[in-house]
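A.B. asks: Quick one, what's the 3D model for this:
(one chain, ligands or ions: 1)
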Amino acid sequence: MESSEVLIVGGGPAGSSCAWKLARHGVDCRVLDAQNFPRTKLCAGWITPEVVRDLEIDIRDYPHRFLSFDRLHIHLLGLGFRVNGVQHSIRRFEFDDWLLKRSKVPFVNHNVRDIRKEGEYYVIDDQYRARYLIGAGGTKCPVYRTLFRNANPRAKELQTVTLEQEFPYDYRDGGCHLWFFERGFPGYSWYVPKAQGYLNVGIGGMASQLKHRGEDIWSHWENLVLRLKRSGMVYDGSFDPKGYSYYLRSDVCVGRVDNAFIVGDSAGLATRDLCEGIGPAVRSGLMAADAILSGAEYSLAAISRYTSDRSLVYRSLEFMFIDRERKRLARADVAV
Ligand SMILES: Cc1cc2nc3c(=O)[nH]c(=O)nc-3n(C[C@H](O)[C@H](O)[C@H](O)COP(=O)(O)OP(=O)(O)OC[C@H]3O[C@@H](n4cnc5c(N)ncnc54)[C@H](O)[C@@H]3O)c2cc1C
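C.D. replies: Residues are numbered from 1 along each chain as shown. I've put the predicted structure just below:
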């Protein structure tokens, strides 16, 4: 059996941030991931300045595609707004691999199935053991499944469904566009250019609201494609999008049980206004490392529930994404 001080299940931004911080302080850890890196991760790849700051990235040293926007183009009910403020785009295929390699932590390509506690050790698949365990395996994280499902249950009104595609494209419009609530869609669609001729387009919304309306996400995807083609933003090619699901931030804040932690999507930390998950993944990964290094408290409450610092914006989006559905579910419960 291979032993280390810390085992990190999942090498996405949550796991690699944690690994990076621990390794810088000389802690013996390793990352296990079911996929080999670089790996495809469905994601628009929009990152905030906070992510760059938290990860201490000097943009001039980043060796892959990195594009900065000085405003977002928001489209709401047929009206267009510009929201000023710097944001960035990266390709997850490149970014996650770079972060993981930067951590200099040994990587093992291993699909974690079985987790048990034996004395002070967490034992994984009878092959690896460690005193600390980090669950950074995203929505399907086995650490969440085995140790946290009861303590930090996910709520169905917080589940998102998405469809997206990223492809090389000689785009003409280099701006980042978001369309909210098009044709009543409980979510938004996006057009996110990347540096050096890549483009990501996609759509993401609240699963439970779609189900209640008897809709699936595919018809909304078709609307997006029509819009992009009619406006000339994407003028050729056919699409073959892929889907993934993740959870927005719940009210439950349990992120640690004994010496096991959940971070990032495993804990369901994406923001309740813009469904942004990379920032909370990085922040929680770093905080879990701090807790191991210094005994600091690991509290999910310390991670912001919102991307926007404009309370009117985040309250309105939270209402459309979550509150309305919670009220409907509560009414349905009463009716039963
Ligand atoms: C379509 C889409 C668009 C998005 N766009 C944005 C955006 O623009 N900006 C933003 O901030 N957020 C966005 N998000 C959310 C963001 O992608 C996630 O919140 C973020 O990737 C979470 O990082 P993580 O490290 O927690 O998990 P992940 O990046 O999902 O990494 C988890 C890792 O765990 C591994 N793993 C899983 N199970 C096992 C197992 N059993 N054994 C070993 N390894 C395992 C996986 O292989 C994976 O590498 C988007 C999400 C989707 C689906």
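
A.B. asks: Quick check, the residue in this structure closest to the ligand?
C.D. replies: For the chain, the residue positioned closest to the ligand under Cβ to the nearest ligand atom is Gly277, at a distance of 1.8 Å. Every C-beta, even on glycine, is put in place using the N, C-alpha and C of the backbone.

A.B. asks: Do I have it right that that residue meets Ala267?
C.D. replies: No. Proximity of Gly277 to Ala267 does not meet the contact threshold set by Cβ atoms under 8 Å, at 10.4 Å.

A.B. asks: Return the residues of the stretch 51-200 of the chain in contact with the ligand.
C.D. replies: By Cβ under 6 Å from any ligand atom, the part of the stretch 51-200 of the chain that sits against the ligand consists of 111-112, 136-138, 140-142, 162, 164.

A.B. asks: Who has more neighbours out of Gly277 and Ala267?
C.D. replies: Neighbours around Gly277 and Ala267, counted as other Cβ atoms under 10 Å, are more numerous at Ala267. The numbers are 32 against 25.

A.B. asks: shouldn't that one be in contact with Cys253?
C.D. replies: No. Shown here, Ala267 and Cys253 do not form a contact pair, counting by Cβ under 8 Å, at 9.1 Å.

A.B. asks: which residues do these two both contact?
C.D. replies: Overlap between the contact sets of Ala267 and Cys253, as judged by Cβ atoms under 8 Å, 6 or more residues apart in numbering, is given by 152, 300.

A.B. asks: Now the longest helix along the chain: buried residues?
C.D. replies: Using DSSP state H to assign secondary structure, the helix with the most residues in the chain is helix 278-294. Neighbour-count burial for helix 278-294, counted by 16 or more other Cβ atoms under 10 Å, picks out 278-292.

A.B. asks: Send me stretch 78-94 as PDB with only the CA atoms.
C.D. replies: As requested, C-alpha coordinates have been extracted for stretch 78-94 and formatted as PDB (Å, rounded to 0.1, in the frame of the first residue of the first chain):
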ATOM      1  CA  GLY A  78     -34.200  42.000 -26.100                       C
ATOM      2  CA  LEU A  79     -32.200  44.800 -24.500                       C
ATOM      3  CA  GLY A  80     -28.400  45.000 -24.600                       C
ATOM      4  CA  PHE A  81     -26.100  46.300 -21.800                       C
ATOM      5  CA  ARG A  82     -22.400  46.600 -21.300                       C
ATOM      6  CA  VAL A  83     -21.000  45.800 -17.900                       C
ATOM      7  CA  ASN A  84     -17.600  47.300 -17.500                       C
ATOM      8  CA  GLY A  85     -14.900  45.400 -15.600                       C
ATOM      9  CA  VAL A  86     -12.000  43.100 -16.600                       C
ATOM     10  CA  GLN A  87     -12.700  39.400 -17.000                       C
ATOM     11  CA  HIS A  88     -10.600  36.700 -18.700                       C
ATOM     12  CA  SER A  89     -11.000  33.500 -20.800                       C
ATOM     13  CA  ILE A  90      -8.800  30.400 -20.900                       C
ATOM     14  CA  ARG A  91      -9.100  26.900 -22.400                       C
ATOM     15  CA  ARG A  92      -9.700  24.400 -19.600                       C
ATOM     16  CA  PHE A  93      -7.800  21.700 -21.600                       C
ATOM     17  CA  GLU A  94      -4.700  23.800 -21.200                       C
END
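
A.B. asks: quick one: average confidence on it?
C.D. replies: In this model, stretch 78-94 carries a mean pLDDT of 93.

A.B. asks: who touches that stretch?
C.D. replies: The set of residues that contact stretch 78-94 without belonging to it, under Cβ under 8 Å, 6+ apart, is 38-49, 51-52, 64-75, 166, 176, 192-195, 198, 200.

A.B. asks: partner residues bridging Leu163?
C.D. replies: The bridge-partner assignment for Leu163, based on DSSP bridges, gives Ile203, Gly243.
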